[in-house]
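Participant: Provide a 3D model corresponding to the input given below.
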Amino acid sequence: MQSVSAGGTLTWNPDLERGDQLTIDVTEVDGARPALEVEDSLGSMIADIGPSSNIRRTLTIDTDGRYYVQLENEALMTSGQWDIVLTLEREYEEEVCD
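Facilitator: Have a look, this model is predicted:
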């Protein structure tokens, strides 16, 4: 578990493909509630959720590329600990040759 100080952030930059489903599940464990922002590979904000003790969002990816997932502790003086689960679902096609 990692503690995030007041004003601090945690960031992931996954490379995603069109059709992927990314589920972000964050629960406050101790301290400040997190806020979530997700930008797509074109720099457009596709999720912006204010501070909450429980965040669960599933995103269906429209564009291939690098995405920016950021959790921020918006508290002024309180550190926070969060339970974070990122789940990626990707469909694969299998070609069978006879």
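
Participant: any idea how far residue 34 lies from residue 96?
Facilitator: With the distance defined as C-beta to C-beta, to the nearest Å, residue 34 ends up 45 Å from residue 96. (Each C-beta comes from the backbone N, C-alpha and C, glycine too.)

Participant: next one: residue 17
Facilitator: Between residue 17 and residue 96 the computed distance is 22 Å (C-beta to C-beta).

Participant: okay, the two: which has more neighbours?
Facilitator: Comparing residue 17 with residue 96 by other C-beta atoms under 10 Å, the one with more neighbours is residue 17, at 12 against 4.

Participant: ok, residue 48 - contacts?
Facilitator: 36-38 (C-beta atoms under 8 Å, 6 or more residues apart in numbering).

Participant: that one pairs with what?
Facilitator: Beta-bridge pairing for residue 48 (DSSP bridges): residue 37.

Participant: number the residues from 38 up from this point.
Facilitator: I'll keep to 38 as the first residue from here, and by that count the last item is residue 85.

Participant: tell me where the model's unsure across the chain.
Facilitator: Low-confidence segments of the chain, defined by pLDDT under 70: 38-39.

Participant: hmm, 90 instead?
Facilitator: In the predicted model of the chain, residues 38-46, 65-70, 110-121, 128-135 satisfy pLDDT under 90.
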